[in-house]
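Q: Structure for the following, please:
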Amino acid sequence: MQNHFYAMMSRMKNIYRWGLMRNTRRENLSEHSLEVAQIAHALAIIGNKRLGKSYDTNLAATVAMYHDTAEIITGDMPTPIKYYNGEIKRAYKQIEEVAEKQLINMLPDDFKNDFEKIYSPEREISELVKAADKISAIIKCTEELNMGNREFSVAERTLRQALKDMSVPEADIFVDEFLPSFTLSLDEQKG
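A: Prediction:
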């Protein structure tokens with residue numbers, strides 16, 4: 001029997017983010033998901049090394065890698081629309097859950113249990129991934145602002161406040177220690 005899950009995953013590169021914004025460089029879902037996975041992995045390491053947590057760092061990275069795959073089916077819903085009001089937010093969440101189930105159903109039966117754990121992680125891992133997702137969005141805003149694109153200035157401020165409001169200490173540490181480098185040129189980062 002053929003299974004279509006990984007062929008569907010390869011379509012992440014065709015889903016572009018920030019559709020309502022003028023971009024100096026388009027970002028696709030594959031790029032975003034890799035960045036979120038790297039950041040979630042870092043947040044889990046920060047939690048373990050500095051805050052006495054016992055996160056599964058590989059699980060954090062894997063959950064992040066798949067966190068937006070429902071968008072292969074739904075497309076990228078712009079944040080201002082997705083969170084316009086509680087009713088739309090709840091409806092979109094239900095749509096995402098249906099899309100995730102559809103993706104899981106494309107897997108062989110012996111894979112499904114593993115992916116159900118990825119799509120429904122424990123709360124602590126889910127919070128790290130949400131924080132990593134916000135940090136990735138802040139990085140995109142920073143990159144656009146560095147290119148002189150003021151279109152992202154309000155989004156950057158809003159995302160920073162939303163991340164702060166989440167009260168994820170691992171994210172605060174990442175922001176303090178790693179985020180400033182994203183404003184530097186390659187030569188400045190080297191040395």
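Q: Burial check on residue 97, number of neighbours?
A: 13 (other C-beta atoms under 10 Å). Where you see a C-beta, it was placed from the backbone N, CA and C, and this is true even at glycine.
Q: who are the neighbours in contact with it?
A: Contacts for residue 97 were tallied using C-beta atoms under 8 Å, 6 or more residues apart in numbering; they are residue 70.
Q: any idea whether residue 106 is helix, strand or coil?
A: Recorded secondary structure, residue 106: coil (DSSP: H, G, I helix; E, B strand; the rest coil).
Q: does it really touch residue 4, like I thought?
A: Yes - taking contact to mean C-beta atoms under 8 Å, the distance of 4.6 Å between residue 106 and residue 4 places them in contact.
Q: Looking at the two now, which is surrounded by more residues?
A: Of the pair residue 106 and residue 4, residue 106 is the one with more neighbours under other C-beta under 10 Å, namely 17 against 11.
Q: Now the more buried one, what are its backbone angles?
A: As for residue 106, its main-chain torsions (degrees, to the nearest 10) stand at phi -80, psi -10.
Q: quick one: contacts for it?
A: The neighbours of residue 106, taking C-beta under 8 Å, 6+ apart as the test, are 3-5, 8.
Q: got the contact list for the lowest-mean-pLDDT helix or strand in the chain?
A: For the chain, scoring each helix and strand by mean pLDDT, DSSP states H and E identifies helix 79-82 as the least confident one, at a mean of 73. Outside of helix 79-82, the residues that reach it under the criterion C-beta under 8 Å, 6+ apart are 20, 88-89, 92.
Q: Good, wrapping up.
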